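Undergrad: Structure of the sequence below:
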Amino acid sequence: MKRLATILLLLLMLTQAFSKALIVLDYEANKDFITKFLCINRQKPQLQCNGKCYLKKKLKKADQAENSPASKEQKQKQQDLTLYYQPLAASISLSLPLEARPLASPLEGTPAGAQITVFQPPKFTV
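TA: Just a heads-up that it's a prediction; the model follows:
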């Protein structure tokens, strides 16, 4: 199940990344149909457009969708996300009266009563 989801997400990302190439491939695969039915200049065969106007229109539409203000706004929101961190312990220790304060604050290093020893891994005998 995970593998299927991974492959599906990968295909979706690749589709988005190569959307313009997929539009051109679709044009090449359906060139005859586009020339006969979808071409803007199909009434003017002397222009020899062969559906290139339709391709240009689709590529421009894809470019506009990619560079639309909504997508720029979403990108801006992603860049503007800033996380602020304020140590809670420091603000609490400053607001407590002197006799209620802990012996050592988190900003000073080691807490009161902690033993400072060097870790030594256990020794195995064979």
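
Undergrad: all helices of this protein, in order?
TA: 2-17, 19-29, 31-33, 52-66, 69-80, 88-95 (DSSP state H).

Undergrad: Please find the angle between the direction vectors of the fourth one and helix 19-29.
TA: Between the direction of helix 52-66 and that of helix 19-29, the angle (axes from the mean of the first three to the mean of the last three Cα atoms, to 10 degrees) works out to 160 degrees.

Undergrad: now the angle from helix 52-66 to helix 2-17?
TA: Using the same axes, to 10 degrees, helix 52-66 lies at 110 degrees relative to helix 2-17.

Undergrad: and helix 52-66, what other elements does it pack with?
TA: helix 19-29 (3 or more Cβ pairs under 8 Å, 6 or more residues apart in numbering; DSSP states H and E). Where you see a C-beta, it was placed from the backbone N, CA and C, and this is true even at glycine.

Undergrad: Flag every buried residue along the helix it packs on.
TA: For helix 19-29, a neighbour-count test (16 or more other Cβ atoms under 10 Å) marks Tyr27 as buried.

Undergrad: again with stretch 11-19
TA: Buried, per 16+ other Cβ under 10 Å, within stretch 11-19: nothing.

Undergrad: could I get it in PDB with only the CA atoms?
TA: What follows is stretch 11-19, C-alpha atoms only, in PDB (Å, rounded to 0.1, in the frame of the first residue of the first chain):
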ATOM      1  CA  LEU A  11       3.700  10.400 -10.800                       C
ATOM      2  CA  LEU A  12       1.700  13.400  -9.700                       C
ATOM      3  CA  MET A  13       4.800  15.400  -9.000                       C
ATOM      4  CA  LEU A  14       6.400  14.400 -12.400                       C
ATOM      5  CA  THR A  15       3.100  15.300 -14.200                       C
ATOM      6  CA  GLN A  16       3.200  18.800 -12.700                       C
ATOM      7  CA  ALA A  17       6.900  19.200 -13.400                       C
ATOM      8  CA  PHE A  18       6.600  18.100 -17.100                       C
ATOM      9  CA  SER A  19       3.100  19.600 -17.800                       C
END
